[in-house]
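>>> Attaching a predicted model along with its sequence, questions to come.
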Amino acid sequence: MPDRALSTLNECIVAFDLADQKITFVTDNTEAVLGCSPSCFYKDAELLFEIAGIDRGDQIREHVSRLADGERLDLYYQVSPAGAEKRWVHDRKTLMTAPGGKKTLLSIFTRYSPEAADPKDEARLREQFLNSLIDSQTNFLIRFDISGVFTFANKQFLKKLGYKKSELIGKHFSLVTIPEEIVMCQKAFAHCVKHPGKVVPLAHKKRDKAGNLFDTEWEFVSVANEEGIVIAVQGIGHDVTEKLVVEREVKATGEKLNNFIESINDYFFIIDIDWKFIRVNAAFEKVTRKTREELIGSNIWEMFPVLIGTNFEHAYRKAASEKTIVRFTEHIETANMWFNTTVYPTAEGLTVFMQDITEQKRAEEEGMWTKNNLEALINNTEDQIWSVDSQTRYVYMNKAYRSQIARLTGAEPVQGDYSYLHKGYTEAEIGEWSDYYKRALAGERYTIITETTEPATGKSLSFEISFNPIYKVKGNITGVGCFARNITNWLETEKAIVDQNERLRHIASLTSHELRRPVASMLGLINIMDRANFFNPDNQEIIGHLLTVGNEIDEVIRLIVDKTIIGDQSKEKYQLP
């Protein structure tokens with residue numbers, strides 16, 4: 001019908017594209033029927049539904065979503081156009097599908113007056129409303145006769161099971177019941193028939209047309225006529241498959257959590273708002289030496305008065321009053337134990353986790369004691385100890401090193417400074433030390449001897465320095481550890497020993513070359529001496545020769561003494577090296 005003819009009628013038409021969610025056609029007379037101009041619909045496609053009100057509009061959308069192709073939906077409601085009076089309309093909606101599959105919702109609106117309506121129309125309206133209400137239910141609505149045959153099933157039930165109404169109505173309920181539960185369902189049905197008006201709950205599985213199973217929960221009640229005779233049984237139910245899955249998951253999670261809480265070494269307990277224990281784990285029982293029966297229901301302050309006035313009480317009360325998580329570390333003197341505690345406020349009270357860190361604390365104390373003693377040991381030695389990172393920045397220096405560098409350069413090094421780049425070093429020294437560090441950072445472990453001059457005294461000092469790469473656990477070199485000791489006195493002592501050995505060598509040379517000859521002569525003279533007749537004239541000559549040899553020996557001894565004590569005066573005389 002042309003728009004011009006339609007505009008003269010008491011009805012208007014609005015076409016809505018479901019895919020694009022937009023208005024594709026509006027007749028000119030929408031303002032006369034609905035109180036809104038066509039342009040309002042083109043600007044706001046949602047007006048097609050919201051003209052009935054937001055809540056009612058959501059219901060209309062729900063009805064439309066269940067429409068089949070060609071199916072008609074009759075609705076009666078009031079519209080409230082902006083700036084216009086409220087009016088009743090009869091809304092006939094039909095879903096139309098084009099050959100290409102495009103779906104269009106066609107809405108035909110007619111002005112409607114409830115007061116002038118025919119009683120038959122009123123009855124039809126109430127029936128439509130009741131059917132609309134039933135079909136809009138997300139619950140399942142079904143009815144059987146007293147033999148257990150379906151006489152009614154709402155759209156939601158049919159849709160879930162995949163049956164058409166003609167396929168289910170007139171069939172026994174066993175059609176959608178698994179064999180294992182037939183007896184149970186028959187007993188519930190008989191009980192319902194036997195006790196009119198009594199609600200009978202039933203949870204069981206349903207089987208859809210494809211054979212798939214899903215869990216349901218029902219409430220059945222029998223319906224009696226005016227004579228009190230049961231004529232039907234009706235039920236309302238819903239799909240609880242997802243609910244049961246969630247419940248099983250929650251239960252499994254709860255069991256895992258319980259197992260976890262009972263298996264952990266941390267101490268766990270829950271106290272209610274009256275400070276009474278409502279749950280404890282095995283570890284808490286063990287540490288407190290109290291059974292679960294003793295603890296549950298007991299007041300924490302009465303059971304453990306030692307906690308009163310401590311950080312435990314302060315933290316628990318703070319968490320309870322401020323509804324905030326509190327974490328703290330505290331020592332219980334009576335047990336000589338340290339605990340890391342976390343307190344969580346909950347609706348029922350407080351949940352508390354306590355971790356025993358006694359061994360950790362002791363290890364920390366021992367580590368600190370070791371560190372302090374190591375620091376004392378390192379700082380009480382005259383050897384110089386320091387380390388640098390991979391960028392040759394100071395990481396650690398003992399007092400001896402700081403003092404030595406301060407004496408040599410006039411400036412004490414600071415942690416984080418680049419080693420040997422600060423004031424007091426020449427370019428040559430900087431380059432030399434850069435090479436030393438590079439060798440160690442490349443993985444070489446070596447020792448050098450360097451010499452420097454004490455600025456205050458001008459004395460030459462010698463140092464033995466060892467370079468040691470510092471490795472991470474994975475083997476990467478992260479720095480260099482250096483150890484230096486003053487070997488000036490040691491070198492001087494070594495030089496003195498060398499000089500002394502040289503003197504002894506000279507003495508040995510003198511002895512072997514000069515002393516052996518007169519001694520040999522003396523021994524020869526003694527051998528030819530007449531010892532049986534001492535007054536033999538020949539002995540007189542021999543004694544004279546012995547005197548000469550003795551003087552030679554005395555002269556050699558004097559030379560040896562001069563070489564040892566006075567100096568190297570005989571070196572040229574005896575042509576010694």
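That came through fine.

>>> Residue 32: which element?
helix 30-34 (DSSP states H and E).

>>> neighbouring contacts of that helix?
If you take CB atoms under 8 Å, 6 or more residues apart in numbering as the criterion, helix 30-34 is touched by 7, 10-12, 14, 36-38, 40-41, 51, 79, 81, 87, 89, 109-111. Where you see a C-beta, it was placed from the backbone N, CA and C, and this is true even at glycine.

>>> centre of the chain versus stretch 149-161, how much separation?
The chain centre lies 51 Å from the centre of stretch 149-161; the measure is CA atoms, centre = their mean, to the nearest Å.

>>> Same check on stretch 244-263?
In terms of CA atoms, centre = their mean, the gap separating the centre of stretch 244-263 from the centre of its chain is 22 Å.

>>> buried stuff in that stretch?
Judged by neighbour count (16 or more other CB atoms under 10 Å), stretch 244-263 contains these buried residues: residue 261.

>>> now do stretch 156-173
156-158, 160-161, 163, 168, 173.

>>> Tell me which two in the residues you listed are the farthest apart.
Using CB to CB, the two most remote members of the buried residues of stretch 156-173 are 156 and 173, lying 16.9 Å apart.

>>> hang on, the earlier thing: out of the contacts of helix 30-34, which end up buried?
Listed as buried from the contacts of helix 30-34 are 11-12, 14, 36, 38, 40-41, 51, 79, 81, 89, 109; burial here means 16+ other CB under 10 Å.

>>> where does the stretch 251-400 of the chain have low pLDDT?
Scanning the stretch 251-400 of the chain with the threshold set as pLDDT under 70 gives 367, 369-374, 376-377.

>>> Walking through it, point out its helices one by one.
Under the criterion DSSP state H, counting those that start in this stretch, the stretch 251-400 of the chain contains helices at 282-288, 292-295, 300-303, 311-322, 358-379, 399-409.

>>> So which elements touch the last one?
In this case it means helix 399-409. The contact analysis (3 or more CB pairs under 8 Å, 6 or more residues apart in numbering; DSSP states H and E) places helix 399-409 against strand 384-389.

>>> Now do the strand it packs on against helix 399-409, angle only.
90 degrees (axes from the mean of the first three to the mean of the last three CA atoms, to 10 degrees).

>>> Could the C-alpha coordinates of strand 384-389 be exported in CSV?
Extracted in CSV, the C-alpha atoms of strand 384-389 (Å, rounded to 0.1, in the frame of the first residue of the first chain):
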residue,chain,number,x,y,z
GLN,A,384,95.6,-4.2,51.0
ILE,A,385,92.4,-5.8,49.7
TRP,A,386,89.9,-4.4,47.2
SER,A,387,87.6,-5.4,44.4
VAL,A,388,86.2,-3.8,41.3
ASP,A,389,83.2,-4.6,39.1
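
>>> could the buried residues of stretch 156-173 go into CSV alongside secondary structure, pLDDT and distance to residue 186?
Converted to CSV, those look like this (DSSP: H, G, I helix; E, B strand; the rest coil; pLDDT from 0 to 100; distance: CB to CB, whole Å):
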residue, secondary structure, pLDDT, distance to residue 186
156, helix, 87, 25
157, helix, 90, 20
158, helix, 90, 23
160, helix, 90, 22
161, helix, 91, 20
163, coil, 92, 21
168, helix, 91, 19
173, helix, 91, 9
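
>>> could those residues go into TSV alongside distance to residue 355?
What follows is those, written out as TSV (distance: CB to CB, whole Å):
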residue	distance to residue 355
156	53
157	55
158	58
160	51
161	55
163	59
168	61
173	58
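
>>> residues making contact with the host helix or strand of residue 480?
In this structure, residue 480 sits in strand 477-486 according to DSSP H and E. By CB under 8 Å, 6+ apart, the surrounding residues in contact with strand 477-486 are 382-390, 392, 395, 401, 404, 437, 440-443, 461-472.

>>> Repeat that for stretch 181-195.
With CB under 8 Å, 6+ apart, stretch 181-195 has contacts from 144, 146, 148, 173-174, 177, 198, 200, 202, 204-205, 220-222, 230, 233.

>>> What residues are bridge-paired with the most centrally placed residue in the chain?
The residue lying closest to the centre of the chain (CA atoms, centre = their mean) is residue 342, at 16.9 Å. Beta-bridge partners for residue 342, by DSSP bridges, are residue 327, residue 353.

>>> re the thing from before, sort out which one of the buried residues of stretch 156-173 lies nearest residue 26 for me.
Each of those was scored against residue 26 by CB to CB, and residue 156 proved nearest at 33.3 Å.

>>> Tell me the buried residues in the top helix by length along the chain?
Longest helix of the chain, by residue count under DSSP state H: helix 537-561. Neighbour-count burial for helix 537-561 flags 539, 542, 546, 549, 552-553, 556, 559-560 (criterion: 16+ other CB under 10 Å).

>>> Quick one: list the elements packing against it.
If you count contacts as 3+ CB pairs under 8 Å, 6+ apart, helix 537-561 packs onto helix 488-510, helix 516-528.

>>> Mean neighbour count, distance to residue 299 and mean pLDDT for the ones you listed - can I get that in CSV?
Shown next, in CSV, are the helices and strands packed on helix 537-561 (neighbours: other CB atoms under 10 Å; distance: least, CB to CB, whole Å; pLDDT from 0 to 100):
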stretch, mean neighbour count, distance to residue 299, mean pLDDT
helix 488-510, 13, 75, 75
helix 516-528, 13, 108, 79
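
>>> Switch those helices over to a markdown table; also include distance to residue 251.
Below are these laid out as a markdown table (distance: least, CB to CB, whole Å):
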| stretch | distance to residue 251 |
| --- | --- |
| helix 488-510 | 79 |
| helix 516-528 | 111 |
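
>>> Residue 450: which of those is closest?
With respect to residue 450, and counting by CB to CB, the nearest of these is helix 488-510 at 11.4 Å.

>>> Just the CA atoms of the closest one, as CSV, please.
Output in CSV follows, covering the C-alpha atoms of helix 488-510 (Å, rounded to 0.1, in the frame of the first residue of the first chain):
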residue,chain,number,x,y,z
THR,A,488,109.8,-3.8,50.6
ASN,A,489,111.3,-5.3,53.8
TRP,A,490,111.2,-8.8,52.4
LEU,A,491,113.2,-7.6,49.3
GLU,A,492,115.7,-5.8,51.5
THR,A,493,116.2,-9.0,53.5
GLU,A,494,116.5,-11.0,50.4
LYS,A,495,119.2,-8.6,49.1
ALA,A,496,121.1,-8.9,52.4
ILE,A,497,121.0,-12.6,52.2
VAL,A,498,122.3,-12.5,48.6
ASP,A,499,125.1,-10.2,49.7
GLN,A,500,125.9,-12.5,52.5
ASN,A,501,126.0,-15.5,50.2
GLU,A,502,128.3,-13.6,47.9
ARG,A,503,130.7,-13.0,50.9
LEU,A,504,130.5,-16.6,51.9
ARG,A,505,131.4,-17.6,48.3
HIS,A,506,134.4,-15.3,48.5
ILE,A,507,135.4,-16.9,51.8
ALA,A,508,135.1,-20.3,50.3
SER,A,509,137.3,-19.2,47.4
LEU,A,510,140.0,-17.8,49.7
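
>>> which other helices and strands contact that helix?
Secondary-structure packing of helix 488-510 (3+ CB pairs under 8 Å, 6+ apart): strand 460-471, helix 537-561, helix 570-573.
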